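Engineer: Need the 3D shape of this:
(one chain, ligands or ions: 1)
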Amino acid sequence: MDTVRDVTALRARIRAWRGHGETIAMVPTMGALHAGHLSLVGIGRRKAHRVISTIFVNPKQFGANEDLSRYPRQEAVDAAMLRGAGCDLLFAPAADLVYPPGFATTVSVSGLDRPMEGESRPGHFDGVATVVTKLLLMAFPDFAIFGEKDWQQLAIIRRLVTDLEIPVGVVGAPTVREPDGLAMSSRNAYLSHGERAVAAALPRTLRAAAMTIAGGAGVGETLSTARAALKSAGFKVDYLTMANAETLETVDRFEPGQSPMRLFIAARLGTTRLIDNWPVETGG
Ligand code: PAF
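Structural biologist: Residues are numbered from 1 along each chain as shown. As a prediction, the model looks like this:
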């Protein structure tokens, strides 16, 4: 697996593959890879002949109060993991290649970028939408694979690909979890030993709340109880809400047979912010 750092080299490799009739899947990442990312590469391998992964810690999706310099960077380790997972090419551009002097374009997906993460992290999704659009247009892959852990991000990417008619199939990949249920995330590395032990309460509480609501209990009351349980476990809950899985609009009643609903949560444990989501479904 080679690493290329500029768009000319990237496109030359893609052109050669396309010349042999091969299809391409892209797995965009910010590095600090874990088994969740490698599962995306595995899905890419099943969907296409070639898999390109990108590593780019995108400054535009970090807020003023979020420490970009603290984000874990470990390209050599990541490259070895990608090679082991069967990735064919790593694209790891420098910031000034993605955003050269004079770069002035922002891709903004209005509406879907408002609730939940959008409220807690203003500007975040403009940064995501802009970089994902740029990466897709640099490579024009047949498929692009994103994890369902970042459900709102995935919904926004699906929207922008549809709206801008970018000819790529967006594939959502199931969240990969640690044995205790914690969703894999590069941010888990920030948790202290003690916090890590507590962290599994988040998916456990989320899942229990989803099952309680699916069983017929009131949404507001169930989510208040879950918030209180998380607070007493040491979390600061940013949001815990039930929303339409596609439109992301908050819904306060669950009725079997309505459009798919999910619970969405963001909560802080110490200085680490964790997010997760879970379907609300009868029989789930
Ligand atoms: O999910 C991520 O790692 C990032 O938001 C993405 C999609 C690679 C864009 O920087």
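
Engineer: who touches the helix or strand where residue 17 lies?
Structural biologist: Under the criterion DSSP states H and E, the helix or strand holding residue 17 is helix 7-19. Outside helix 7-19, the residues within contact range by CB atoms under 8 Å, 6 or more residues apart in numbering are 2, 4, 24, 49-50, 52, 89, 91, 93, 97, 138-140. No exception for glycine: its C-beta is placed from N, CA and C like everyone else's.

Engineer: what separates that helix from the chain centre, distance-wise?
Structural biologist: 26 Å (CA atoms, centre = their mean, to the nearest Å).

Engineer: Report the buried residues of it.
Structural biologist: Using 16 or more other CB atoms under 10 Å as the test for burial, helix 7-19 gives 7, 10, 13-14, 17-18.

Engineer: Next: stretch 166-175.
Structural biologist: 166, 168, 170-173, 175.

Engineer: For it, list the C-alpha coordinates in CSV.
Structural biologist: Output of stretch 166-175 as CSV, limited to C-alpha atoms (Å, rounded to 0.1, in the frame of the first residue of the first chain):
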residue,chain,number,x,y,z
ILE,A,166,-22.0,13.6,-7.1
PRO,A,167,-21.9,10.2,-8.7
VAL,A,168,-20.9,8.1,-5.7
GLY,A,169,-22.8,5.5,-3.7
VAL,A,170,-22.8,6.5,0.0
VAL,A,171,-22.6,3.5,2.2
GLY,A,172,-23.4,3.6,6.0
ALA,A,173,-21.5,1.1,8.1
PRO,A,174,-22.8,-0.4,11.4
THR,A,175,-21.1,1.0,14.5
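
Engineer: Can you pull out the residues in contact with that stretch?
Structural biologist: Here stretch 166-175 makes contact (CB under 8 Å, 6+ apart) with 25-26, 36, 39-40, 43, 47, 133, 136-137, 140-149, 154, 157-158, 160-161, 183-184, 276-277.

Engineer: just checking, which of those residues belong to helices?
Structural biologist: 36, 39-40, 43, 47, 133, 136-137, 154, 157-158, 160-161 (DSSP state H).

Engineer: And the residues you listed, which is closest to residue 73?
Structural biologist: Nearest to residue 73 among the ones in helices among the contacts of stretch 166-175, counting by CB to CB, is residue 36 at 17.9 Å.

Engineer: re the thing from before, farthest-apart pair in the contacts of helix 7-19, please.
Structural biologist: Counting by CB to CB, the most remote pair of those is 49 and 97, 26.1 Å apart.

Engineer: re the thing from before, near the ligand, from the contacts of stretch 166-175?
Structural biologist: Among the contacts of stretch 166-175, not one lies near the ligand by CB under 6 Å from any ligand atom.

Engineer: Narrow these to just the buried residues.
Structural biologist: Using 16+ other CB under 10 Å as the burial test, the contacts of stretch 166-175 include 25-26, 36, 39-40, 43, 47, 133, 136, 141-149, 154, 157-158, 160-161, 183-184, 276-277 as buried.

Engineer: For the ligand, see how far away the spatially most central residue of the chain is.
Structural biologist: The chain has residue 150 as the residue nearest its centroid, 3.3 Å off, counting by CA atoms, centre = their mean. Distance, residue 150 to the ligand, by CB to the nearest ligand atom, to the nearest Å: 5 Å.

Engineer: Of the contacts of helix 7-19, which belong to strands?
Structural biologist: If you go by DSSP state E, the contacts of helix 7-19 have 2, 4, 24, 50, 52, 89, 91 in strands.

Engineer: Name the helix or strand of the protein that has the lowest mean pLDDT.
Structural biologist: helix 117-120 (a mean of 94; mean pLDDT, DSSP states H and E).

Engineer: Does that one reach the ligand?
Structural biologist: No. Contact of helix 117-120 with the ligand (CB under 6 Å from any ligand atom) is absent, the minimum separation being 10.5 Å.

Engineer: Now that helix: buried residues?
Structural biologist: 117-118.

Engineer: Stretch 106-121 now?
Structural biologist: Result for stretch 106-121 [16+ other CB under 10 Å]: buried residues 107, 109, 112-113, 115-118, 121.

Engineer: what do you get for stretch 229-240?
Structural biologist: For stretch 229-240, by 16+ other CB under 10 Å, it's 229-230, 233, 235, 237-240.
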